[in-house]
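**Student:** Quick one, structure for this:
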Amino acid sequence: MFERLEPVVPDSILGLMAAYRADPDPRKVDLGIGVYRDEHGDTPVPASVRQAESALIARQTTKSYIGPAGNPAFNQALEQLVLGAKHPALTSGRVRTVQSPGGCGALRLGAELIRAASPESVVHVSTPTWANHTPLLAGSGLRLERYPYLDAATGKVQFAAMMESLERLPARAVVLLHASCHNPTGADLMQSQWRELLALISRRGLLPFVDMAYQGLGDGLDEDAFGLRLLGAELPEMLCAVSCSKNFGVYRERTGALHFIGSSPAAADAALSQLVRLARGIWSMPPDHGAAIVQAVLGDPSLRAQWTEEVTAMRSRIRGLRREVVEHLRQHCPQRDFSFIREQRGMFSFLGIDTSQVRKLRERHHVYMTDDSRMNMAGLRRGNLEYFARAVAEVLKA
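**Tutor:** Coordinates of the predicted model:
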């Protein structure tokens with residue numbers, strides 16, 4: 001049966017991760033895999049999360065299933081974290097949530113719901129977007145198209161071109177938006193641009209599908225949710241996929257959720273029934289451990305305050321690295337303007353060099369990033385900033 005199967009080319013990021021791990025050079029720098037790292041190069045578990053997990057293990061008496069919609073307390077806590085406790089969509093009873101295996105599960109579940117409701121709809125994603133958006137969404141059977149987003153020359157959003165493209169979309173088209181800390185560019189919409197986008201989406205009858213993977217790592221927990229909260233308050237329908245991997249550090253626990261905002265409580269109930277059916281057919285029951293930890297952190301005032309401080313520390317470290325790497329690059333590469341890195345948000349930026357230069361960085365200097373020059377800022381630390389900047393300078397001179 002399987003004799004005709006051909007080997008699949010490995011995922012480029014996973015291949016990069018394997019190459020980095022196999023590299024014995026002590027100077028190596030990992031800017032590829034998208035995980036937060038501290039000053040020691042580790043991906044830590046926040047102290048608040050460790051404390052919540054210890055208490056959870058001590059009191060847990062069963063590993064029985066929690067149901068296809070997931071942990072109700074987690075779902076409610078995440079709704080309030082993402083939307084805000086007094087958000088009009090919540091107070092009007094129009095939000096329904098299904099827990100998912102990570103943000104990836106939420107994205108796929110949302111795509112399956114769209115296909116069930118409107119199989120002819122097209123999902124429009126930014127140029128560029130996170131690489132895994134394509135297989136996750138297109139794997140449901142939906143067609144994907146692109147809209148302009150990043151101006152590579154400035155490192156900023158080419159907002160006019162984006163709006164011109166979206167203005168041409170037909171009603172019921174789906175627009176995938178990054179809530180904050182755009183992956184892979186780090187270029188985010190300003191609040192004024194979110195307001196303009198809201199008016200366009202409302203006028204054209206489009207459906208926003210928002211991906212929230214980095215809440216708190218850009219400008220703040222509330223600030224990073226500005227756009228999705230605005231859309232959710234003013235539009236009749238919206239989907240939002242949420243990941244807890246980065247801000248709670250529970251990567252391998254695969255913790256996420258899909259929020260659905262409906263035009264009425266009855267419409268939200270109907271969508272929830274469909275989501276439960278779809279989830280049952282994909283993963284049956286979601287994993288509980290990570291969700292129970294997150295719920296415990298958010299449900300305890302002391303742990304929540306501690307977690308908020310830890311998120312603030314992560315955000316501050318990333319911001320500091322952005323400022324410092326720009327200064328180092330300015331000193332060693334005065335012929336190039338890298339100031340856009342300082343203005344961007346979150347963990348990612350494009351360095352703006354070509355593929356051959358990226359490969360020279362890897363082969364000659366053991367600096368690992370994806371071939372399109374996307375780099376994870378959290379992979380830098382004060383001990384390797386100078387080395388990184390000198391390596392970039394040498395590659396640019398070659």
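
**Student:** which helix of the chain spans the most residues?
**Tutor:** Within the chain, and with DSSP state H defining each element, the longest helix by residue count is helix 301-332.

**Student:** what element comes up after it heading to the C-terminus?
**Tutor:** The first helix or strand that comes after helix 301-332 along the chain, using DSSP states H and E, is helix 340-343.

**Student:** Just the buried residues of that next one, please?
**Tutor:** For helix 340-343, the buried set under the neighbour-count rule, 16 or more other C-beta atoms under 10 Å, comprises 340, 341, 342. Placement of C-beta: from N, CA and C, glycine included.

**Student:** partner strands of the helix or strand that that helix is followed by, parallel or antiparallel?
**Tutor:** From helix 340-343 onward toward the C-terminus, using DSSP H and E, the following helix or strand is strand 348-350. Neighbouring strands of strand 348-350 in its sheet, by DSSP bridges, are strand 374-376 (antiparallel).

**Student:** coming back round to it: rebuild the buried residues of helix 340-343 as TSV, extending it with pLDDT and distance to residue 358.
**Tutor:** Formatted as TSV, the buried residues of helix 340-343 follow (pLDDT from 0 to 100; distance: C-beta to C-beta, whole Å):
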residue	pLDDT	distance to residue 358
340	96	18
341	97	16
342	96	21
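
**Student:** rewinding a little: which other helices and strands contact the longest helix of the chain?
**Tutor:** helix 47-59, helix 245-248, helix 289-299, helix 340-343, helix 385-397 (3 or more C-beta pairs under 8 Å, 6 or more residues apart in numbering; DSSP states H and E).

**Student:** Report the contact partners of residue 268.
**Tutor:** Listed by C-beta atoms under 8 Å, 6 or more residues apart in numbering, the contact set of residue 268 reads 93, 94, 95, 96, 260, 261, 262.

**Student:** whoops, I mixed them up, residue 358
**Tutor:** Counted by C-beta under 8 Å, 6+ apart, residue 358 has contacts 351, 369, 370, 371, 372, 373.

**Student:** Ok, residue 216 next?
**Tutor:** 224, 247, 308, 311, 312, 314, 315.

**Student:** Please report how far it lies from residue 129.
**Tutor:** 21 Å (C-beta to C-beta, to the nearest Å).

**Student:** counting contacts, what elements does the helix or strand hosting residue 177 pack onto?
**Tutor:** Under the criterion of DSSP H and E, residue 177 resides in strand 174-178. In terms of contacts (3+ C-beta pairs under 8 Å, 6+ apart), strand 174-178 is packed against strand 122-127, strand 207-212.

**Student:** Out of the ones you listed, which is closest to residue 133?
**Tutor:** Of all these, it is strand 122-127 that lies closest to residue 133, at 5.6 Å by C-beta to C-beta.

**Student:** Strand partners (parallel or antiparallel) of that closest one?
**Tutor:** By DSSP bridges, strand 122-127 pairs with strand 143-148 (parallel), strand 174-178 (parallel).

**Student:** Output those in a markdown table; the columns should cover mean neighbour count, mean pLDDT and distance to residue 243.
**Tutor:** A markdown table is the format used below for these (neighbours: other C-beta atoms under 10 Å; pLDDT from 0 to 100; distance: least, C-beta to C-beta, whole Å):
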| stretch | mean neighbour count | mean pLDDT | distance to residue 243 |
| --- | --- | --- | --- |
| strand 143-148 | 15 | 98 | 20 |
| strand 174-178 | 24 | 98 | 12 |
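
**Student:** which one of the ones you listed lies closest to residue 272?
**Tutor:** Of all the strands paired with strand 122-127, strand 174-178 sits nearest to residue 272, with 19.2 Å by C-beta to C-beta.

**Student:** Just give me the neighbour total for residue 19.
**Tutor:** Look at residue 19: counted by other C-beta atoms under 10 Å, it has 15 neighbours.

**Student:** In a helix, it, correct?
**Tutor:** Yes - looking at residue 19 with DSSP: H, G, I helix; E, B strand; the rest coil, it is inside a helix.

**Student:** Look up how far residue 248 lies from it.
**Tutor:** 29 Å.

**Student:** where does the protein have its least confident helix or strand?
**Tutor:** helix 12-22 (a mean of 86; mean pLDDT, DSSP states H and E).

**Student:** contact partners of that one?
**Tutor:** So helix 12-22 is in contact with 10, 28, 30, 32, 33, 34, 131, 362, 368, 369, 370, 371, going by C-beta under 8 Å, 6+ apart.
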